[in-house]
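In: Requesting a structural model of the entry that follows:
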Amino acid sequence: MIEQIFSGLDTFNTLLWGYLGTAFILIVGLFLSFRCNWYQITNFPEIVKEFVRSFSKVERQLEKKLALDSPGISSLRAFFASIGGCIGVGNLVTISMAIKIGGPGALLWIWVVALLGMIIKYTEVYLGIKYRVQNGKIYQGGPMYIIQKAFPNLSVLASIVALLMAIYGVEIFMFSVVKQTLTNNFDLSGHWVTFGLVLAVFWGVYGGVNRIGAISSFLIPCFVIVFMLMTLWILIGSIHEVPHLLKTIFYSAFNGHAAIGGFAGSSFLMVLAKGFSSAAYSGDVGIGYASMMQAETRDKSPRRQANLTIFGIFLDTFIVCTCTVLLITLTGVWTENISGEQMVQVALSRHFPLMDYFMPIFLFALGYSTLLPYLCAGLKSAQYVMPKYGPLLYYGYALVAFVFFSFFDASYALIIMNIAGGLLMMINIPVFFCLRREVAYDKISK
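Out: Okay, the predicted model is just below:
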């Protein structure tokens with residue numbers, strides 16, 4: 001019965017992302033990109049400089065002064081809280097599952113979504129800051145506030161977005177992956193792991209976006225550097241296979257891929273759907289989560305904060321997701337009968353020792369840095385719908401959802417997350433498109 005239900009949901013998910021999701025991202029992403037002269041490419045060097053400059057001593061001193069009398073949190077902490085929900089387990093497991101089902105060609109569509117998603121997400125964060133509201137010493141923002149202030153007659157739509165975001169905020173997929181990894185590798189009791197992980201997540205999210213940003217600003221750079229170096233080591237050892245791999249990626253992106261080993265084969269629609277859904281899920285394209293996190297910045301310039309978002313997608317997709325695809329394709333694990341959550345671990349274990357101990361800890365740290373910001377976004381959404389009792393009820397819902405899905409395969413949880421994300425995207429992207437004239441796409445003000 002359960003298998004039949006999720007089989008039907010998976011079919012709906014494939015249609016949702018294979019047709020509607022693809023059309024929304026392609027049409028709006030291309031329109032905005034041409035409208036702003038491909039701002040995400042032409043201005044990228046300046047964006048990188050701005051990101052590096054954010055770590056300078058002068059910027060840190062300025063942030064300390066602003067913290068004394070300005071509401072909100074630092075620009076960098078808001079940024080890291082946002083990408084904490086993007087860079088993590090999704091880059092490893094979700095992308096592995098996409099390649100396992102859709103084949104290597106999915107990577108090309110992952111790149112396309114990232115390139116177009118940069119300008120969509122820039123628009124989202126810009127609008128999120130422009131239409132945010134101050135609540136005491138913090139700011140509240142996100143797609144529901146954008147809809148509420150820009151389209152006052154669509155308050156029902158804003159509430160629907162908040163409810164969908166509340167569902168999306170309980171990251172059942174990440175929770176399932178972390179739980180299964182810890183129990184499988186360390187032979188721990190699943191019940192105790194679930195209990196401990198729930199407590200850790202509830203404690204972390206209690207500190208709000210500021211605490212989440214502090215945790216993510218430590219974990220994310222460590223992960224990116226270590227993962228890049230490990231992938232580079234394997235890439236150097238298999239450099240002679242790269243030309244053939246690139247040919248396979250571009251060919252199968254438009255023609256699908258025949259069955260090989262444990263890979264069942266894929267059609268063009270399957271490749272397209274998995275590429276778009278996994279990239280949008282991993283990069284949070286059109287979901288609305290990023291604007292909720294980054295709206296809390298004390299920076300008054302929507303442009304500067306939105307520019308950091310472009311760099312975030314570059315790290316998330318063009319660096320980390322690409323490393324994952326190279327890793328599992330060069331080692332050949334994508335054609336073997338290995339579950340998606342185990343593929344990266346198996347691939348790394350063929351080149352590095354002690355992966356049975358390293359990867360569970362690695363995935364726990366990454367999963368934790370992802371679970372926190374999403375749950376925080378969900379709490380904000382619940383509070384928007386029910387200001388008084390929303391957060392308390394949401395904690396109860398999160399507890400039930402985490403425990404329930406911990407008993408099932410992680411792929412079931414991913415289907416739910418993809419569908420919720422797809423429905424959010426279908427509402428949010430048209431809203432962002434309608435408000436495109438409210439967004440400035442020009443050079444960074446220095």
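In: from what I can see M118 touches F311, true?
Out: No - if you go by Cβ atoms under 8 Å, M118 and F311 don't touch, sitting 9.1 Å apart. For glycine as for every other residue, the C-beta is placed from the backbone atoms N, C-alpha and C.
In: The two - which one has more neighbours?
Out: M118 (29 against 20; other Cβ atoms under 10 Å).
In: so how far is C323 from the more buried one?
Out: 19 Å (Cβ to Cβ, to the nearest Å).
In: heading toward the C-terminus, what's the first helix or strand past the lowest-mean-pLDDT helix or strand in the chain?
Out: Lowest by mean pLDDT, DSSP states H and E among the helices and strands of the chain is helix 57-69, with a mean of 60. Under the assignment DSSP states H and E, the closest C-terminal helix or strand after helix 57-69 is helix 75-84.
In: which residues of the stretch 1-150 of the chain score low on pLDDT?
Out: Residue ranges of the stretch 1-150 of the chain with pLDDT under 70: 18, 56-69.
In: just how off-centre is stretch 246-258 within its chain?
Out: A distance of 25 Å separates the centroid of the chain from that of stretch 246-258, by Cα atoms, centre = their mean, to the nearest Å.
In: Equivalent analysis for stretch 357-377, please.
Out: Remark: stretch 357-377 is offset 12 Å from the chain centroid, using Cα atoms, centre = their mean.
In: Okay, buried residues for that stretch please.
Out: Residues of stretch 357-377 classed as buried: 358-360, 362-377 (neighbour count, 16 or more other Cβ atoms under 10 Å).
In: now, which of these lie within helices?
Out: Judged by DSSP state H, these include 358-360, 362-377 as members of helices.
In: which residues of the chain fall in strands?
Out: Counting by DSSP state E, the chain has strands at residues 133-135, 138-140.
In: Make TSV from those and add distance to A78 and mean neighbour count to it.
Out: Formatted as TSV, the strands of the chain follow (distance: least, Cβ to Cβ, whole Å; neighbours: other Cβ atoms under 10 Å):
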stretch	distance to A78	mean neighbour count
strand 133-135	15	10
strand 138-140	9	19
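In: Compare those and give me the one nearest T123.
Out: Comparing these by their distance to T123 (Cβ to Cβ), the top pick is strand 138-140, with 18.5 Å.
In: Note down every partner strand of the closest one and its orientation.
Out: Here strand 138-140 is paired, per DSSP bridges, with strand 133-135 (antiparallel).
In: who does Y139 bridge with?
Out: Q134.
In: Next one: the spatially closest residue to Y394 that is not a sequence neighbour relative to I119, how far apart?
Out: Excluding its sequence neighbours, the residue lying closest to Y394 (Cβ to Cβ, 6 or more residues apart in numbering) is A382, at 3.7 Å. Distance, A382 to I119, by Cβ to Cβ: 30 Å.
In: out of the two, which sits in the busier spot?
Out: I119 (30 against 24).
In: which residues sit in contact with the more buried one?
Out: Applying Cβ atoms under 8 Å, 6 or more residues apart in numbering to I119 gives the contacts 29, 32-33, 36, 39-40, 310, 441.
In: got the contact list for stretch 78-85?
Out: Stretch 78-85 is contacted from outside by 54, 72, 209, 212-213, 215-217, 219-220, 284, 289-290, 293-297, 299, 305, 308-309, 312, 315-316, 369-370, 372-374, 376-377, using Cβ under 8 Å, 6+ apart.
In: hmm, try it at 6 Å
Out: 209, 212-213, 216-217, 289-290, 293-294, 296-297, 308, 312, 369-370, 373-374 (Cβ atoms under 6 Å, 6 or more residues apart in numbering).
In: most centrally placed residue in the protein?
Out: With distances taken as Cα atoms, centre = their mean, C86 lies nearest the centre of the chain, 2.9 Å away.
In: if I look at it, how far off is Y251?
Out: C86 sits 29 Å away from Y251, going by Cβ to Cβ.
In: Pull out the buried residues from stretch 418-436.
Out: Residues of stretch 418-436 classed as buried by neighbour count (16+ other Cβ under 10 Å): 418-429, 431-432, 435-436.
In: re the thing from before, enumerate every residue touching the residue nearest to the centre of the chain.
Out: Neighbours of C86 in contact, by Cβ under 6 Å, 6+ apart: 283-284, 316.
In: With F227 instead?
Out: Residues near F227 by Cβ under 6 Å, 6+ apart: C323.
In: Now with 7 Å, please.
Out: F227 makes contacts with 320, 323, as judged by Cβ atoms under 7 Å, 6 or more residues apart in numbering.
In: Next one, pLDDT for it please.
Out: You'll see F227 listed with a pLDDT of 87.
In: again with I444
Out: Note on I444: pLDDT of 46.
In: swap in Q383?
Out: At Q383, pLDDT is 91.
In: Run a quick neighbour tally on the closest residue to it other than its chain neighbours.
Out: Counting by Cβ to Cβ, 6+ apart, the nearest residue to Q383 once its immediate chain neighbours are dropped is G390, at 4.6 Å. By the criterion of other Cβ under 10 Å, G390 has 19 neighbours.
In: can you pull the pLDDT of G390?
Out: Per the predicted model, pLDDT is 89 at G390.
In: Contacts only, for the closest residue to I119 other than its chain neighbours.
Out: Nearest non-adjacent residue to I119, counting by Cβ to Cβ, 6+ apart: L32, 4.6 Å away. Residues near L32 by Cβ under 7 Å, 6+ apart: 119-120, 123, 436.
In: Which one of those residues is nearest to G196?
Out: I120 (37.3 Å).
In: Hmm, I287 and the closest one touching each other?
Out: No - judged on Cβ atoms under 7 Å, I120 makes no contact with I287 at a distance of 10.2 Å.
In: what about the two, which has more around it?
Out: I287 (30 against 27).
In: how close does that one sit to Y206?
Out: Taken as Cβ to Cβ, the span from I287 to Y206 is 23 Å.
In: Is it possible to get a markdown table of the contacts of C86 that adds neighbour count, pLDDT and distance to L414?
Out: Formatted as a markdown table, the contacts of C86 follow (neighbours: other Cβ atoms under 10 Å; pLDDT from 0 to 100; distance: Cβ to Cβ, whole Å):
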| residue | neighbour count | pLDDT | distance to L414 |
| --- | --- | --- | --- |
| G283 | 30 | 76 | 15 |
| D284 | 31 | 80 | 15 |
| D316 | 26 | 86 | 17 |
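In: Using a markdown table, lay out those together with distance to Q148.
Out: A markdown table is the format used below for the contacts of C86 (distance: Cβ to Cβ, whole Å):
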| residue | distance to Q148 |
| --- | --- |
| G283 | 25 |
| D284 | 21 |
| D316 | 29 |
